[in-house]
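In: Quick one, structure for this:
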Amino acid sequence: MNISESHTKELLVAKSLLENPGLAVKITNLIGTPIEKGLALLPDNWNKNIAKVTEKSLIKASEAAIFTMKDIPGEESSNLWHKLGVAASGGVGGFFGLAAIAVELPISTSIMLRSIADIARSEGELITTLETKMACLEVFALGGESDLDDGSESGYFAVRAALAKSVSEAAEFMVKKGITDEAAPMLVKLITKIAEKFGVQVTQKAAAQAVPAIGAAGGAIINTLFIDHFQDMARGHFIVRKLERIYGYETIKSAYHSLPRKGSK
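Out: Below you'll find the model as predicted:
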């Protein structure tokens with residue numbers, strides 16, 4: 001099936017968003033200091049603890065952020081208001097330092113997930129459906145460093161493929177059981193997979209906040225960059241999904257791969 005010129009342009013925008021420089025590059029450009037310097041300042045037990053914090057944050061966010069929104073497909077997303085909310089929580093986190101991340105991250109993650117759902121709705125998704133809710137959670141796995149990325153398979157589609165089974169199992173189980181304690185383990189299984197990717201970017205954010213003299217103002221700016229990154233991932237993701245509803249998954253995947261990478265001739 002041939003894709004229209006206007007939809008090809010939309011797909012090119014989506015690919016540009018999904019394959020733009022990673023969060024670490026953006027943070028390095030912002031603070032003028034290589035992210036590695038901040039990574040060296042993180043506590044020795046950071047990697048062990050961050051998995052628990054990211055999983056808890058995603059679970060709390062999934063319970064609060066998107067299960068209360070109304071379906072108004074096509075309504076423009078309120079990106080700025082969500083950025084202001086995350087900036088405020090980042091300011092608090094920056095003031096109290098790394099010790100506050102366990103408190104700050106669930107708040108900022110909930111705001112970001114609501115923003116992601118808002119973007120999904122603006123691209124025609126019905127956010128009351130489990131499929132869309134799962135797709136919103138998927139966004140937190142996008143745009144991070146991944147050993148799945150290679151020259152033959154875009155990281156975006158590779159991550160979606162890696163999550164597909166867990167997404168399908170969680171959605172199928174929740175359709176049968178609803179949002180109950182019995183269904184919770186299937187959702188946690190999916191969130192654990194997403195948290196592995198999300199934790200990489202949370203670590204990059206924390207590393208930037210660990211740099212001396214960042215403080216509250218810097219924490220607010222870094223959190224704004226953090227949500228901006230995921231808003232870009234969400235916009236690209238839901239443009240692709242919108243086009244898949246029109247042309248089919250395989251057609252869009254093939255067209256996506258055929259488009260030039262950003263910066264290539």
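
In: Can you give me the buried ones in the lengthiest helix in the chain?
Out: As far as residue count goes, and with DSSP state H defining each element, the longest helix of the chain is helix 215-247. For helix 215-247, the neighbour count (16 or more other CB atoms under 10 Å) marks 218-243, 247 as buried. Where C-beta positions appear, they are placed from N, C-alpha and C, glycine not excepted.

In: Could you pull up the mean pLDDT of that helix?
Out: For helix 215-247, the per-residue pLDDT values average out at 85.

In: Please apply the same query to stretch 190-210.
Out: Stretch 190-210 shows a mean pLDDT of 86 in the predicted model.

In: tell me which residues in that stretch are buried?
Out: 190-191, 193-210.

In: same question, stretch 246-262
Out: Buried residues in stretch 246-262, counting neighbours by 16+ other CB under 10 Å, are found at 247, 252, 253, 255, 256, 259.

In: Mind checking which of those residues land in helices?
Out: Counting by DSSP H, these place 247, 252, 253, 255, 256 in helices.

In: close enough to count as contact, the second one and residue 244?
Out: So that's residue 252. Yes: look at residue 252 against residue 244 with CB atoms under 8 Å: they come within range, at 4.9 Å.

In: ok, now how distant is residue 51 from residue 22?
Out: As defined by CB to CB, to the nearest Å, residue 51 lies at a distance of 20 Å from residue 22.

In: between the two, who's got more neighbours?
Out: Comparing residue 51 with residue 22 by neighbour count (other CB atoms under 10 Å), the higher total belongs to residue 22, at 19 against 15.

In: roughly how far apart are the more buried one and residue 210?
Out: Taking CB to CB as the criterion, residue 22 is separated from residue 210 by 18 Å.
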